[in-house]
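In: Here is a sequence with its predicted model. Questions after.
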Amino acid sequence: MSLPMVALVGRPNTGKSTLFNRLVGGRPAVVSDTAKTTRDRNYGEVEWQGSRFFLVDTGGLLPERASTDLDRLVARQVRAAADEADLVLFLLDGKTGPLDEDLDLARVFRRRRDRFLIVVNKTDAVRDESTVHDALSLGFGDPFAVSAIHGSGVAELLDEIVRRLPKGEEGEEPRGGGVRIGIVGRPNVGKSSRVNAYLGRERMVVSEEPGTTRDSVDSTIRWKDETLTLVDTAGLRRRSRVRDDVEYYSTLRAIKAIEGSDIVFLLLDATEPIGKQDAHVAAIADRLGRGIVVLLNKTDLPLPEPIDDLKKRVLYKLPFLTYAPILAVSAATGKGTGAALDLAIEIDAERKRKLATSELNRIVEWAVGRNPPPVGRRPNKVYYAVQTAIAPPTFLFFVKESGAITPEYRRYLVRSIREKIPYRGFPVVVHVREKS
């Protein structure tokens, strides 16, 4: 079951990022093998009273614009969020109250009021409740007053969010069967052609059912006695709007596709440079711990440089994906079709493997002997490690002084694990804790 999505929208300076950080909290990011990453923290998973949902900070998904474009920019932002999200948090500035831009947006989206929730932020700086009452004029029901900085009103807001989100049935099984493969990438990169290659006459289609993402279809196929479900962002077309709108729609749908998948096929156009949107989607899959296979599509066309050089360029632009296999494919000719599916099956099985504690600690002893942990207030020590989760493999290291363990040393521990256990195609997560 895919998690519900909540979008946080509003004009600049209303405190969206502050509220986002307050709701998402200090969740540790996946530790990658290299220091350099391009992960924009504008999406995250929120858990409250046993319920979980995805929160998307829409402001972080669009570039900064001049104030003269503000009304058009925010209108597009909210329109896209309303199309994709299960619930939209429309943030207002409690210091100023609703401005003309807010009123204009409210008139446009009043027909969708059942999907909107008005949140008045910065109420800690307001001496009276007049601005909160003014928000009633927008016509979206009672507003929620919060202070993202101090946290007041946030618990009540979370209660309301959970109450209004769609609920899955108790014991509901995930849609589709077998390994779920999300096919993501920029518009016109060849996603639909890639899906059609898998759903050709030589393949046996078991079933097709509507996905949770609008305009998408999940298709279940059989491949070498394995059941695979393709999670396709179909319907992702270049619209008659500016490029920013296309990227915004792409990212929202990609998040949904990735979250509902075990393995992600990241399609890149081999004839074009790697863009920011490619890096953004790749970082989402990495942070969510999904298996990743990079597919360089359209390799049947004239290429700007040899395939091996293109693969090096992928690693240069996406340095946090050093673990991901890169395949040269062509949806037009069918090149790489079977190899990609074979990799998906192999990676999914490997990312669910539990490492024996004795084997893990032999690796730990070897790694620490080669490079001792950083010294803190006193000489540090790594006592032992345990694997706490699979898919992705997650390891907890017990140490004498956790504060002295630097990000660089965590990356070293990840690399050391990979040297002994390759773990091809998915991230490895390392946490540290002081031994009591």
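Out: Yep, that arrived. These figures come from a predicted structure and were not determined experimentally.

In: Every contact and neighbour count from this point should use C-alpha atoms.
Out: Will do.

In: what's near enough to touch the closest residue to Pro392 other than its chain neighbours?
Out: Leaving aside its chain neighbours, Pro392 sits nearest to Gly289 (5.3 Å; criterion: C-alpha to C-alpha, 6 or more residues apart in numbering). By C-alpha atoms under 8 Å, 6 or more residues apart in numbering, the contact list for Gly289 reads 30, 391-392, 426-428.

In: in the helix or strand hosting Thr18, what counts as buried?
Out: Using DSSP states H and E, Thr18 sits in helix 16-24. Applying a neighbour-count criterion of 16 or more other C-alpha atoms under 10 Å, one finds 16-17, 19-24 buried in helix 16-24.

In: do stretch 352-361 as well
Out: 360-361.

In: Now tell me which helix or strand of the chain has the poorest mean pLDDT.
Out: Here the helix or strand of the chain ranked lowest by mean pLDDT, DSSP states H and E is strand 205-210, holding a mean of 36.

In: any idea which helix or strand comes after that strand?
Out: strand 217-223.

In: Show me what the next helix or strand after that following strand is packed up against.
Out: Remark: after strand 217-223, the chain's next helix or strand is strand 226-232, criterion DSSP H and E. Helices and strands touching strand 226-232, by 3 or more C-alpha pairs under 8 Å, 6 or more residues apart in numbering; DSSP states H and E, are strand 179-185, helix 191-198, strand 217-223.

In: List of residues touching the helix or strand where Val132 lies?
Out: Using DSSP H and E, Val132 falls within helix 130-134. For helix 130-134, the external contacting residues (C-alpha under 8 Å, 6+ apart) are 94-98, 120, 143-145.

In: Pull out the buried members of the residues you listed.
Out: Using 16+ other C-alpha under 10 Å, the buried ones in these are 94-95, 97-98, 120, 143-145.

In: Just send those residues back as JSON lines, with secondary structure and pLDDT too.
Out: Output for the buried ones among the contacts of helix 130-134, formatted as JSON lines (DSSP: H, G, I helix; E, B strand; the rest coil; pLDDT from 0 to 100):
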{"residue": "Gly94", "secondary structure": "coil", "pLDDT": "84"}
{"residue": "Lys95", "secondary structure": "coil", "pLDDT": "83"}
{"residue": "Gly97", "secondary structure": "coil", "pLDDT": "82"}
{"residue": "Pro98", "secondary structure": "coil", "pLDDT": "83"}
{"residue": "Val120", "secondary structure": "strand", "pLDDT": "91"}
{"residue": "Pro143", "secondary structure": "coil", "pLDDT": "89"}
{"residue": "Phe144", "secondary structure": "strand", "pLDDT": "90"}
{"residue": "Ala145", "secondary structure": "strand", "pLDDT": "90"}
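
In: Please tabulate those in a markdown table and include distance to Glu259 as additional columns.
Out: Formatted as a markdown table, those follow (distance: C-alpha to C-alpha, whole Å):
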| residue | distance to Glu259 |
| --- | --- |
| Gly94 | 34 |
| Lys95 | 36 |
| Gly97 | 36 |
| Pro98 | 35 |
| Val120 | 29 |
| Pro143 | 30 |
| Phe144 | 29 |
| Ala145 | 31 |
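
In: related to what we said a few turns ago, of the buried residues of helix 16-24, just say which sits nearest to Val386.
Out: Nearest to Val386 out of these is Val24 (C-alpha to C-alpha; 26.4 Å).

In: Next up, the contacts around that closest one.
Out: 44-46, 55.

In: Report the buried members of these.
Out: 44-46, 55.

In: hmm, back to that, going by distance to Leu341, which of the buried residues of helix 16-24 wins?
Out: The nearest member of the buried residues of helix 16-24 to Leu341, counting by C-alpha to C-alpha, is Val24 at 34.1 Å.

In: Now do the closest one, the pLDDT please.
Out: At Val24, the model reports a pLDDT of 85.

In: got a list of what the residue nearest to Lys435 when sequence neighbours are not counted touches?
Out: Among residues not flanking Lys435 along the chain, Phe398 sits closest, at 5.4 Å (C-alpha to C-alpha, 6+ apart). Counting by C-alpha under 8 Å, 6+ apart, Phe398 touches 382-385, 432-435.

In: Would you mind naming the residues that bridge with Phe398?
Out: Beta-bridge pairing of Phe398 under DSSP bridges involves Tyr384, Arg433.

In: same check, this time on Thr394
Out: Ala389, Val429.

In: any idea how far it lies from Val429?
Out: Distance of Thr394 to Val429, given as C-alpha to C-alpha, to the nearest Å: 5 Å.

In: Would you mind telling me which of these two has more residues around it?
Out: In terms of neighbours (other C-alpha atoms under 10 Å), Val429 is the more surrounded of Thr394 and Val429; the figures are 26 against 18.

In: Please verify my assumption that Arg110 contacts Phe140.
Out: Yes - at 7.1 Å, Arg110 and Phe140 qualify as touching, with contact defined as C-alpha atoms under 8 Å.

In: Of these two, which one has the most company?
Out: Phe140 (20 against 14).

In: who touches the more buried one in this structure?
Out: 110, 113-114, 116-118.

In: Against Arg164, how distant is it?
Out: 14 Å.

In: got it, and Glu226?
Out: In terms of C-alpha to C-alpha, Glu226 sits 38 Å off from Arg164.

In: buried set for the helix or strand hosting Tyr409?
Out: Taking DSSP H and E as the criterion, Tyr409 maps to helix 407-420. For helix 407-420, the buried set under the neighbour-count rule, 16+ other C-alpha under 10 Å, comprises 410-418.

In: before we move on, back to that, can you select the buried ones among the contacts of Phe140 for me in PyMOL?
Out: Buried residues within those, by 16+ other C-alpha under 10 Å, are selected in PyMOL with:
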select buried, resi 113+116+117+118
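
In: Please flag which of the contacts of Phe140 sit within strands.
Out: Among the contacts of Phe140, the residues falling in strands (DSSP state E) are 116-118.

In: Nearest to Asp348 among the residues you listed?
Out: For the ones in strands among the contacts of Phe140, the nearest to Asp348 is Phe116 (37.6 Å; C-alpha to C-alpha).
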